[in-house]
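**Student:** show me the folded form of this:
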Amino acid sequence: MNKINDLKIYKKCLIVVDMVNGFVREGVLHDNEISKIIPRQIELIKKNHYEKGLTIFIKDTHDEDSVEFKRFGNTKHCVMGTREAELVDELKPFENLNNAISIEKNSTSYMEAVIFRDVIKELINLEEVDVVGCCTDICVFNGTMGLANYFDEWNRDVRVKVHLDAIATYSEKDRQKYVDAAYLLMEQQGIELVKKR
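**Tutor:** You can find the predicted model right below:
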């Protein structure tokens, strides 16, 4: 994780979920179709940087013997130290911005990453969170639902938006019922589903 001195200065935040090679370019769970959302993500990252928001890159990063592999049918992916666990090349330059940090996670929910929770706790002036990335019905959904619940638990009035034109999942046509369910449940939770106009 990059070191950012004062998280209290940020009023907005962009979370980029799991745009790693293991979901986009190579490995058992990758889908080249996911790369189609990268240009829109870059637009949102640049806009967030211009508006002096914090960008958080979440990177799926597992131990060799991660329990998650068993739960998802022995799908070993994004193992620590491999290229699969790295951000896609198009997003790597933004990882070094002075208002960007990268956080590794070992589950389908970025809310369960201890460092992420610490960061969210320190972002005491946060008013708005934008979410992009993959996979819509798993990591985007689980993390964002958890984030909305966290804000409720601590009575923090933070607007949470998921950008529909900047999220995707692998084998999306085959998984459409899960994607639709994720949209429905996020909307029910008060998470805004938005698109570029």
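**Student:** now the element after the lowest-mean-pLDDT helix or strand in the chain, going C-ward?
**Tutor:** Here the helix or strand of the chain ranked lowest by mean pLDDT, DSSP states H and E is helix 67-71, holding a mean of 68. Once the chain leaves helix 67-71, the next helix or strand it forms, by DSSP states H and E, is strand 100-105.
**Student:** counting contacts, what elements does that following strand pack onto?
**Tutor:** In terms of contacts (3 or more CB pairs under 8 Å, 6 or more residues apart in numbering; DSSP states H and E), strand 100-105 is packed against strand 54-60, helix 114-122. Using the backbone N, CA and C atoms, a C-beta is placed for each residue, glycine as well.
**Student:** closest to Gly73 out of the ones you listed?
**Tutor:** Gly73 lies closest to strand 54-60 among those, at 16.1 Å (CB to CB).
**Student:** by how many degrees do the closest one and helix 114-122 diverge?
**Tutor:** 160 degrees (axes from the mean of the first three to the mean of the last three CA atoms, to 10 degrees).
**Student:** any chance of the helices and strands packed on strand 100-105 in JSON lines with mean pLDDT, mean neighbour count and distance to Gly190 as columns?
**Tutor:** Shown next, in JSON lines, are those (pLDDT from 0 to 100; neighbours: other CB atoms under 10 Å; distance: least, CB to CB, whole Å):
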{"stretch": "strand 54-60", "mean pLDDT": "95", "mean neighbour count": "25", "distance to Gly190": "21"}
{"stretch": "helix 114-122", "mean pLDDT": "96", "mean neighbour count": "16", "distance to Gly190": "17"}
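**Student:** a markdown table for these, including distance to Ile138?
**Tutor:** Output for these, formatted as a markdown table (distance: least, CB to CB, whole Å):
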| stretch | distance to Ile138 |
| --- | --- |
| strand 54-60 | 10 |
| helix 114-122 | 16 |
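**Student:** of these, which is nearest Leu185?
**Tutor:** When the helices and strands packed on strand 100-105 are compared by CB to CB, strand 54-60 sits nearest Leu185, at 19.8 Å.
**Student:** give me the helices and strands touching the closest one, please.
**Tutor:** Packing partners of strand 54-60 (3+ CB pairs under 8 Å, 6+ apart): strand 12-17, helix 38-50, strand 100-105, helix 114-122.
**Student:** most packed of the ones you listed?
**Tutor:** Most buried of the helices and strands packed on strand 54-60 by mean neighbour count (mean count of other CB atoms under 10 Å) is strand 12-17; its value is a mean of 25.
**Student:** can you get me a residue count around Leu185?
**Tutor:** Leu185 has 13 neighbours, counted by other CB atoms under 10 Å.
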